[in-house]
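Peer 1: need a structure here:
(chains A and B)
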Amino acid sequence: MEGDGNEIDAERYEEDESVTDILRDRFRLSTISIAETQAKKHGMQISEPIIACISELAFKYTAHLAKDLELFAQHANRKCVNTEDVILAAHRNEHVASTLRSFYDDLKAKEPQSERKRKKASKNKDKATTSAVHFPDL
Amino acid sequence: MEDETFDPDLIHAIFKHIWTKRSLERERNGGNDALDSELAGAGTSKKNRPTSANAHALKLSCELLRVFIAEAVGRAATIAEAEGVSKIEATHLERILPQLLLDF
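Peer 2: Residues are numbered from 1 along each chain as shown, chains lettered A, B, ... in the order given. Reported below is the predicted structural model:
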């Protein structure tokens, strides 16, 4: 079992690495454009290796985030990650959490197709969080 | 918010990749893994299916990552400005890194 397993593992590992590399490169391209827009906003130049560093950092953060989100969803006996999980993942900093919450409210305001779902979601949110979030439609 | 941001499809691909990997690992380890065995009672076939995410959740994740990068660049820019240079260098990133990682 050991020998076979190791061979399959090695193959899978290689495949895995190449997929990860492609994803990492695509991720870096997005990071470059975001970082350069931000740097321009601050009237700063930013050197390439620094962007690469930040990109690597953010990619690892994404991996942690994926793991967190999965565990949060599992903890709630769900198989599907929803917005509550993402907001919970940003709990370390209240500003980040509230930024995400208002971003979510904007998203909902843009697509008001499922009224009932929204009301249910915001009710749940009111129960779940103590911070003051204003829902004008309630 | 109207700035550049990540493509939700890309983030979905990364998440899916990690979730599939984790569900494969879980399959191989059976119920032995202490960390993942909290749902062992729910039946193995159900338990081993990889997680999925809804569209809003992906958009929120994109925003979270965008804020992460924007904060990294913004804070480093503040340090660079205080030093009176107009290019963000490694030392600036090093200075802001600990607090940045604590905030996310």
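Peer 1: rest of the way, CA atoms for contacts and neighbours
Peer 2: Will do.
Peer 1: helices of chain B, start to end?
Peer 2: For chain B, applying DSSP state H gives helices covering B:8-29, B:44-47, B:55-83, B:90-103.
Peer 1: which one of these is the most hemmed in?
Peer 2: Neighbour counts (mean count of other C-alpha atoms under 10 Å in any protein chain shown) averaged over each of the helices of chain B peak at helix B:55-83, with a mean of 21.
Peer 1: against which helices or strands is that helix packed?
Peer 2: With contacts taken as 3 or more C-alpha pairs under 8 Å, 6 or more residues apart in numbering or on different chains; DSSP states H and E, helix B:55-83 sits against helix A:2-41, helix A:48-75, helix A:83-89, helix A:94-110, helix B:8-29, strand B:87-88, helix B:90-103.
Peer 1: now mean pLDDT too, for those, in JSON lines please.
Peer 2: Converted to JSON lines, the helices and strands packed on helix B:55-83 look like this (pLDDT from 0 to 100):
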{"stretch": "helix A:2-41", "mean pLDDT": "88"}
{"stretch": "helix A:48-75", "mean pLDDT": "95"}
{"stretch": "helix A:83-89", "mean pLDDT": "94"}
{"stretch": "helix A:94-110", "mean pLDDT": "93"}
{"stretch": "helix B:8-29", "mean pLDDT": "92"}
{"stretch": "strand B:87-88", "mean pLDDT": "94"}
{"stretch": "helix B:90-103", "mean pLDDT": "94"}
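Peer 1: so which of the ones you listed comes closest to B:Asn54?
Peer 2: Nearest to B:Asn54, of all the helices and strands packed on helix B:55-83, is helix A:83-89, at 7.9 Å by C-alpha to C-alpha.
Peer 1: who does the closest one touch, helix- and strand-wise?
Peer 2: Using 3+ C-alpha pairs under 8 Å, 6+ apart: helix A:83-89 touches helix A:48-75, helix A:94-110, helix B:55-83.
Peer 1: which one of those lies closest to B:Gly30?
Peer 2: Ranking those by proximity to B:Gly30 (C-alpha to C-alpha) places helix A:48-75 first, at 16.9 Å.
Peer 1: ok, that closest one near chain B or not?
Peer 2: Yes: using C-alpha under 8 Å from any C-alpha of the partner chain, helix A:48-75 reaches chain B at A:Ile50, A:Ile54, A:Ser55, A:Ala58, A:Thr62, A:Ala63, A:Ala66, A:Lys67, A:Glu70, A:Gln74.
Peer 1: per-residue confidence for the residue of chain B positioned farthest from its centre?
Peer 2: Farthest-out residue of chain B from its mean C-alpha position, per C-alpha atoms, centre = their mean: B:Gly84, at 32.7 Å. Note on B:Gly84: pLDDT of 94.
Peer 1: try B:Phe68
Peer 2: Per-residue confidence (pLDDT) for B:Phe68: 96.
Peer 1: pretty sure it contacts B:Leu102?
Peer 2: No: between B:Phe68 and B:Leu102 there is no contact, the gap being 11.5 Å when judged by C-alpha atoms under 8 Å.
Peer 1: quick one on the thing from earlier: switch the helices and strands packed on helix A:83-89 over to CSV; also include distance to A:Ser33.
Peer 2: Below are the helices and strands packed on helix A:83-89 laid out as CSV (distance: least, C-alpha to C-alpha, whole Å):
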stretch, distance to A:Ser33
helix A:48-75, 10
helix A:94-110, 21
helix B:55-83, 11
